[in-house]
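Engineer: Quick one, structure for this:
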Amino acid sequence: MEMIEEVRNLKLRHPKVEHLRLLVVGPVGAGKSTLINSIGSIFQGRLYQGALADTACDTSFTQKLQTQKIRDGESEKFLPFVISDIMGLEGSASAAGIRVDDIIMVLQGHIKDGYRFIHSEPIKRQDRSYRSNPDLHKKVHCVVLVFPADKTAMMEHDEDGVIAKMREVRKGAAELKIPQVVVMTMVDKACPEVRKDLKMIYSSKKIKEKMQECSKQLGVPMNYVYPVKNYHEETELRDDVDVLLLSALKQILTFANDHVQELDNSPTFNPLKRLSTIF
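Structural biologist: Residues are numbered from 1 along each chain as shown. Prediction:
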């Protein structure tokens, strides 16, 4: 498949970036960990479980910052990107779930892998898992907001405040000039026609409505909303599932690569140059 080769041969656009770093953010049960495993499955050529997931848990199964390297099953080399998984977002009244200020710290590269999030208090600078001066490849290069298509009806009222938190994450990312996209999971649960035939996703009015709801409530343009189906009940890989996931991944990596290229081209303060203009 051509898209697989494009990802395998991706050239990073910043000399100091070892890999592009993607961060998946979303409510509990949105399928963040399953999304990571689904992407890993494509490149392994078999069903793969790198990130642990739990479909029967009402609270976040992921408690720590966990970064997954994706190994290419053909070359046995790691691909030029990593995906960081974090604790899920929960409602404002919940005594669990990740804090938005901790997510911003992750975006900036301040939190080391393996840190266990504490809802009652943000990470402190004196914590052993706090990184004072993160390198560029430790920072996040694209935020992937994950939301289940079958739950978009809750977005308009947002009674528990999860959508408001996702908007806060977007705002923090925007201030850091980090691109953001939406991956809309569980399309098969949102539309019976799509469940019967995944190719119907391109003509489904219901899926288009769900994409519009995500775009409106999260403030992300429609062409940055990607409907996908994760591997959650299959026992073998399917081309129609792979195509949707790869299409989304390809665009996400393009945005991330554009971001690091802009950082490479951004002007830096040179005190000697400043002195030369004065004297």
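Engineer: List the buried residues of the helix or strand hosting residue 23.
Structural biologist: Take DSSP states H and E as the rule and residue 23 turns out to sit in strand 20-25. For strand 20-25, a neighbour-count test (16 or more other Cβ atoms under 10 Å) marks 20, 21, 22, 23, 24, 25 as buried. In this view, the C-beta of every residue, glycine as well, is placed from N, C-alpha and C.
Engineer: And the residues you listed, which is closest to residue 83?
Structural biologist: Compare each of the buried residues of strand 20-25 with residue 83 using Cβ to Cβ and the shortest gap goes to residue 22, at 4.8 Å.
Engineer: Model confidence for that closest one, exactly?
Structural biologist: The confidence metric pLDDT takes the value 98 at residue 22.
Engineer: what residues are up against it?
Structural biologist: Neighbour list for residue 22: 81, 82, 83, 84, 140, 141, 142, 143, 144, 252, 253, 256 [criterion: Cβ atoms under 8 Å, 6 or more residues apart in numbering].
Engineer: Could you save those as a markdown table and add columns showing pLDDT and secondary structure?
Structural biologist: Converted to a markdown table, the contacts of residue 22 look like this (pLDDT from 0 to 100; DSSP: H, G, I helix; E, B strand; the rest coil):
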| residue | pLDDT | secondary structure |
| --- | --- | --- |
| 81 | 97 | strand |
| 82 | 97 | strand |
| 83 | 97 | strand |
| 84 | 95 | strand |
| 140 | 98 | coil |
| 141 | 98 | coil |
| 142 | 98 | strand |
| 143 | 98 | strand |
| 144 | 98 | strand |
| 252 | 98 | helix |
| 253 | 98 | helix |
| 256 | 98 | helix |
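Engineer: want to throw the residues you listed into CSV with distance to residue 90 and neighbour count?
Structural biologist: Output for the contacts of residue 22, formatted as CSV (distance: Cβ to Cβ, whole Å; neighbours: other Cβ atoms under 10 Å):
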residue, distance to residue 90, neighbour count
81, 28, 23
82, 25, 20
83, 21, 25
84, 19, 20
140, 21, 24
141, 26, 28
142, 23, 24
143, 18, 27
144, 19, 26
252, 25, 25
253, 29, 21
256, 27, 27
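Engineer: Identify, from those residues, the entry nearest to residue 191.
Structural biologist: Closest to residue 191, out of all of those and judged by Cβ to Cβ, is residue 144, at 21.9 Å.
Engineer: Okay, strands next: where are they in the chain?
Structural biologist: 20-25, 66-71, 78-85, 142-148, 180-185, 225-227 (DSSP state E).
Engineer: Okay, now the sheet partners of the fourth one, with direction.
Structural biologist: Just to be clear, that refers to strand 142-148. Within its sheet, strand 142-148 is paired with strand 20-25 (parallel), strand 180-185 (parallel), according to DSSP bridges.
Engineer: any chance of those strands in TSV, plus distance to residue 165?
Structural biologist: Shown next, in TSV, are the strands paired with strand 142-148 (distance: least, Cβ to Cβ, whole Å):
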stretch	distance to residue 165
strand 20-25	9
strand 180-185	14
